[in-house]
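# please find the sequence and the predicted model below.
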Amino acid sequence: MSPTPTPRNHTLPLRRGHVVALFLALLLLLAGGFALFGRQPGWWSAPRQEAATTRGPVQYTCPMHPEIVTNEPGDCPICSMSLVPIEDDEGPAAAAHAGHNHPAAAADDFFGDLRETPLATPVPPSDRVTVRVKDAALRAAGVRTEPAVRDRLSRSVRTVGLITADEGRIRHVHTKVDGWVESLAVNFNGQLVAAGQPILTLYSPTLLTSQEEFLRARETATRFSTNADEGLRSLGQQLFDSARRRLALFDVPESFIAALEQGGQVSRTVTLNAPVAGFVTAKSTFEGQQIVPGQELFTITDLSRVWIEASLYEYEAGQVQTGQQATLTLPHAPGVTMRGRVSYINPFLTPESRTIKVRFEFDNPDTLLKPAMYADVTLDLASVEGIIVPEAAVMDTGVRKLVFVEIEPRTFEPREVQTGVRGHGRVQITSGIRVGEAVVVQANFLLDSESRLRAGISRQREGTSEGHSHTP
């Protein structure tokens, strides 16, 4: 019996054939579809041509000098910075589509498209234009606005002054007679003396003679006082008064003269007293020293009232007047406050610092204020009322002052303004904005850069278009 033949499996070859046939059919189908639809205009080639036409040639500009616009990359001829390409919405295509409204979300640059906005009075500067900023850019840049308000602005001027002695309270002690110093009661600089306190004992032949003349005049006046002749009585009294006055003119203390009159005995030495109270700031005599008339012995400075010399800038000094009240504080003594006044304003300007010297007077009963110390002085001036904005909102270009105003949500317009009084971080606006308008107080320099950049590009486009215009 012959073995039963094993049946062959024909399934696998059949399946492979089906796959190959199916693959060939798909290729034919794709080729036919491409041939059919690829010839229709606008399906493939037209958008590419439109994109190329819309984009146009790439232009380059300088970030620092936006008036430089060229079709070739390179360096700025002014500052040598590398030129950067202008974004699509800033290229010629954007200029060609000016006047069309584009959604803000369609642009992918940091700032939104430039747009024509009715400008409020006054007209923005010609070198800047209105800019529109996206919400994301506002948050990223930290742009913040505050409304302009009508308020009263108090003015103050703060300066640092140097404490000096009041020159009207400095006294030089001289001798008016010749003699020799027998003893000193004041022996060092800085010693505090009281008015009428003994300072030295002097032997002087001149004072001895004057004492003797005084005693003889007293005796004569006493003898003539009982005379019946009125003329003699008057003459005796005149001689006595003259002798007394002579001793007083030599700075002999009144107490010494009274003792001399009562005792009738001449004293070999005379004690001289301090004419004023204060601190001895100079001493130029010693015991046993011979002195002559006019020689300086001591300098006594009264510090019960002191001066403070401060410097103010020209615009500050113009608001200060003599007699205005001032407040003093000390860096080393927190909490100490004193009140004084302006006593003198120097009429001459210091050319090196362009400042004016102003003098203040302050009472100093406890001698807390010492010469050569520094002190902070604040002058409170008259307040003014007007339109007030934060001082950070005003940008000073050196030629004019600018403020960015949010005229619509996310739309900022540069305004030229006139400023008045400044104080406490705020400034008065005399013209340029109205009450209630929102002014940018943070990141306004970023807006200013973008405004200048777009203004420069706009001017360059206008010049290019005028140069290529043809008259039919």
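Ah, there it is.
# tell me where this structure is predicted with low confidence.
1-56, 63-64, 87-127, 456-472 (pLDDT under 70).
# quick check, central residue of it?
The centre of the chain sits closest to Arg158, judged by C-alpha atoms, centre = their mean, with a distance of 9.2 Å.
# I figured it hits Asp380, correct?
No - taking contacts as C-beta atoms under 8 Å, Arg158 lies outside contact range of Asp380: 10.1 Å. From N, CA and C alone the C-beta is placed, and that goes for glycine too.
# which ones are touching the residue nearest to the centre of the chain?
Asp376, Val377, Thr378, Leu379 (C-beta atoms under 8 Å, 6 or more residues apart in numbering).
# do that again at 7 Å, thanks
The contact partners of Arg158, by C-beta atoms under 7 Å, 6 or more residues apart in numbering, come to Asp376, Thr378.
# parallel or antiparallel, list what pairs with the helix or strand harbouring it.
Arg158 belongs to strand 149-165 when assigned by DSSP states H and E. Partner strands for strand 149-165, per DSSP bridges, with pairing direction: strand 305-313 (antiparallel), strand 374-390 (antiparallel).
# what about the helices in the stretch 151-300 of the chain?
205-224, 230-249, 254-263 (DSSP state H, counting those that start in this stretch).
# from Thr322, how far off is the nearest residue to Gln325 once chain neighbours are set aside?
Spatially, and ignoring its direct neighbours in sequence, Gln325 is nearest to Arg341 (5.8 Å; C-beta to C-beta, 6 or more residues apart in numbering). For Arg341, the distance to Thr322 equals 8 Å [C-beta to C-beta, to the nearest Å].
# now swap in Val149 and tell me
Counting by C-beta to C-beta, the gap from Val149 to Thr322 is 34 Å.
# again, but for Pro334
For Pro334 relative to Thr322 (C-beta to C-beta), the value is 30 Å.
# more neighbours, the two?
Thr322 (11 against 7; other C-beta atoms under 10 Å).
# is that one in contact with Ile345, as I believe?
Yes - here Thr322 reaches Ile345: they are 6.2 Å apart, a contact under C-beta atoms under 7 Å.
# any idea what the residue nearest to Gln325 is bridged to?
With DSSP bridges as the rule, Arg341 is bridged to Gln325, Glu361.
# how deep is Ala372 tucked in, by neighbour count?
Neighbour tally, Ala372, other C-beta under 10 Å: 8.
# check contacts around it.
Neighbours of Ala372 in contact, by C-beta under 7 Å, 6+ apart: Leu162, Ile163.
# same question, Thr220
Thr220 neighbours (C-beta under 7 Å, 6+ apart): Gly236, Leu239.
# separation between it and Leu235?
From Thr220 to Leu235 the distance is 8 Å (C-beta to C-beta).
# tell me how this protein divides into domains.
When the chain is parsed with automatic domain parsing, its domains come out as 113-153+385-462, 156-166+303-383, 174-301.
# can the ones you listed go into a markdown table with extra columns for distance to Cys76?
Compiled in a markdown table, the domains of the chain are given as follows (distance: least, C-beta to C-beta, whole Å):
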| stretch | distance to Cys76 |
| --- | --- |
| domain 113-153+385-462 | 12 |
| domain 156-166+303-383 | 36 |
| domain 174-301 | 65 |
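# so which of those gets nearest Gln59?
Taking C-beta to C-beta, domain 113-153+385-462 is the member of these nearest to Gln59, at 8.7 Å.
# just how off-centre is that closest one within its chain?
Domain 113-153+385-462 sits 22 Å away from the centroid of its parent chain (C-alpha atoms, centre = their mean, to the nearest Å).
# same thing with stretch 360-380?
22 Å.
# buried ones in it, by neighbour count?
Phe360, Glu361, Phe362, Asn364, Leu369, Met373, Ala375, Val377, Leu379 (16 or more other C-beta atoms under 10 Å).
# a markdown table for these, including distance to Leu239?
A markdown table is the format used below for the buried residues of stretch 360-380 (distance: C-beta to C-beta, whole Å):
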| residue | distance to Leu239 |
| --- | --- |
| Phe360 | 52 |
| Glu361 | 47 |
| Phe362 | 50 |
| Asn364 | 47 |
| Leu369 | 51 |
| Met373 | 55 |
| Ala375 | 56 |
| Val377 | 58 |
| Leu379 | 60 |
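# which residue ranges of the stretch 351-472 of the chain form strands?
355-363, 374-390, 395-396, 401-408, 411-423, 426-431, 438-442 (DSSP state E, counting those that start in this stretch).
# dump those strands to TSV, plus distance to Gly278.
Shown next, in TSV, are these (distance: least, C-beta to C-beta, whole Å):
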stretch	distance to Gly278
strand 355-363	15
strand 374-390	20
strand 395-396	49
strand 401-408	52
strand 411-423	39
strand 426-431	45
strand 438-442	54
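# which of those sits closest to Ser451?
strand 411-423 (5.6 Å).
# quickly run through the sheet partners of that closest one, with directions.
By DSSP bridges, strand 411-423 pairs with strand 131-132 (antiparallel), strand 401-408 (antiparallel), strand 426-431 (antiparallel).
# what angle sits between it and strand 438-442?
Compare the direction of strand 411-423 with that of strand 438-442 by axes from the mean of the first three to the mean of the last three C-alpha atoms, to 10 degrees and you get 80 degrees.
# contact partners for the closest residue to Thr327 other than its chain neighbours?
Excluding the flanking residues, the one nearest Thr327 by C-beta to C-beta, 6+ apart is Thr378, at 4.7 Å. Shown in contact with Thr378 (C-beta under 7 Å, 6+ apart): Ser156, Arg158, Ala326, Thr327.
# run through the bridge partners of the residue nearest to the centre of the chain.
Applying DSSP bridges, one finds that Arg158 bridges with Thr378.
# any idea how far it lies from Thr327?
Counting by C-beta to C-beta, the gap from Arg158 to Thr327 is 9 Å.
# how much space between the residue nearest to Val342 when sequence neighbours are not counted and Ser183?
Using C-beta to C-beta, 6+ apart and skipping the chain neighbours, the partner closest in space to Val342 is Gln324 (4.8 Å). Applying C-beta to C-beta, the value for Gln324 to Ser183 is 49 Å.
# equivalent analysis for Gly340, please.
Counting by C-beta to C-beta - Gly340 and Ser183 are separated by 41 Å.
# ditto for Leu215
Relative to Ser183, and taking C-beta to C-beta, Leu215 is found at 25 Å.
# would you turn the contacts of Thr378 into JSON lines with distance to Phe256?
Shown next, in JSON lines, are the contacts of Thr378 (distance: C-beta to C-beta, whole Å):
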{"residue": "Ser156", "distance to Phe256": "55"}
{"residue": "Arg158", "distance to Phe256": "53"}
{"residue": "Ala326", "distance to Phe256": "45"}
{"residue": "Thr327", "distance to Phe256": "47"}
